[in-house]
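A.B. asks: next input, structure requested:
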Amino acid sequence: MSGYIKRQIIHSVSGSREQTYDNVTVEEPLEIRIDYENNTYDVSVIMRTPVDDFALAAGFLFTEGIIKPENIIDIKYPTDAGISEKNNIVIVSVNSFEKQLVGNRNFYVNSSCGVCGKTNINDIFLKAEHLISQRNKIHYNQLLKLPGIMKNNQKIFKNTGGVHAAAILDYSGNILSMGEDVGRHNAVDKAIGKMVLKGINRSPEAVLQVSGRAGFEIVQKAAMYGIPVVSSVSAPSSLAVELADEFNMTLVSFVRGNSFNIYTHSERIGMK
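C.D. replies: Alright, predicted model coming up:
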C-alpha cells in the first residue's frame, strides 16, 4: 500500500467552489499479536498508516520492552482472517517475551499517544539496558542538514502533507532506516523496527531525526535502542530533556535553518 488514497473534495479560494481530488493519508487499526509456544496473546491495537507493518510491530514490541530483537522468530499476517482484517493484524512469533508487560496494557493505542496503552505510571518509565557511552561528535553543519535529508525522502508526506517522519542517520548523513506514519511515535517504531529486522540489535553511531517535537516517548524509544543523539525540528518536553540527560543522550531541538538548541550532553556536537 502507498499509505494514501485519493478522495474527491471541494476546493475553495475566496469563496469559489471547485470539485477536485486530494491525496489523504490512510489511518487504520493494526492489531499486534504475539505467538508463543502455540499460544496467542493480544498485545495492542495501534492506529497507524498501513505501510511497514512488520517493522512497526517489531519496533513497538522492542521499544516497549516486551521483546528483545533476538526473540523474534517470524512476523506475518494471518492466513485465516477475513479480507478486511488480513492486513490489519500482525502476528509476531517469539521464543520469549515479557508476559507481565502484555498483561499490564490497555488494548487500544491511538496514533497521537505513545503511552496510552500503559495502565499505571510505573509502566511508563521503561529502562534501557545500558547508559549510552558513545562520545564521538557529529559536526553542527552536518546536523543542520539532517531534517532536509529526511524530508527529501518522505514519499507519503510529499503526496499528502499528512504524516510524521523519523529517520536514523549516521554522522555522515546517510539514512540507515526511516519510517512515516500519522503517529510520530509509530514513525520512530518503524525506523527502529527496520534496523532490528536487519539484525542490527543495537544502534550504531547515529542520530534519530524526527519531524516534529521531541516528547518523552520519542526519547525513551531512542534510549531503548541506544541511539546517542536525538534531533527534532520542534520543541522538546521537560520530561524528554530529563530522560535524555539521565541516559547520557544528546538532545537537540529547534533544528531549523542555521540554528538549534542543545539541551543535554553538548559534547557530541562538534562546533567551529
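
A.B. asks: the spatially most central residue of the chain in helix, strand or coil?
C.D. replies: When the chain is reduced to its mean C-alpha position, the closest residue under C-alpha atoms, centre = their mean turns out to be V188, at 1.3 Å. Assigned with DSSP: H, G, I helix; E, B strand; the rest coil, V188 falls in the helix class.

A.B. asks: run through the stretch 101-250 of the chain and note the low-pLDDT ranges.
C.D. replies: By pLDDT under 70, the low-scoring segments of the stretch 101-250 of the chain are 104-131.

A.B. asks: where exactly do the strands run in it?
C.D. replies: Counting by DSSP state E, counting those that start in this stretch, the stretch 101-250 of the chain has these strands, from start to end: 108-109, 138-139, 164-170, 175-181, 206-210, 229-232, 250-256.

A.B. asks: for the closest residue to the residue nearest to the centre of the chain other than its chain neighbours, what are its contacts?
C.D. replies: Here the nearest residue to V188 in space, its sequence neighbours aside, is A166; by C-beta to C-beta, 6 or more residues apart in numbering that works out to 4.3 Å. The C-beta positions use only the backbone N, C-alpha and C, and glycine is treated the same way. For A166, the contacting residues are 178-179, 184, 187-188, 190-191, 208-211, 218, taking C-beta atoms under 8 Å, 6 or more residues apart in numbering as the criterion.

A.B. asks: L251 reaches P236, doesn't it?
C.D. replies: Yes - because the distance of 5.9 Å satisfies C-beta atoms under 8 Å, L251 is recorded as touching P236.

A.B. asks: identify the contacts common to those two.
C.D. replies: Counting by C-beta under 8 Å, 6+ apart, the contacts common to L251 and P236 are 214, 219, 244, 263.

A.B. asks: helices of the stretch 1-150 of the chain, residue ranges please.
C.D. replies: 53-63, 83-86, 99-103, 121-124, 140-152 (DSSP state H, counting those that start in this stretch).

A.B. asks: domain ranges for this protein, per the record?
C.D. replies: For the chain, the domain assignment from the TED database gives the residue ranges 28-123, 138-270.

A.B. asks: which SSE is I262 in?
C.D. replies: For I262, the element it lies in under DSSP states H and E is strand 259-264.

A.B. asks: now that strand: buried residues?
C.D. replies: Taking 16 or more other C-beta atoms under 10 Å as the basis for neighbour counts, the residues of strand 259-264 that come out buried are 260, 262-264.

A.B. asks: could you measure from V188 over to I34?
C.D. replies: Applying C-beta to C-beta, to the nearest Å, the value for V188 to I34 is 21 Å.
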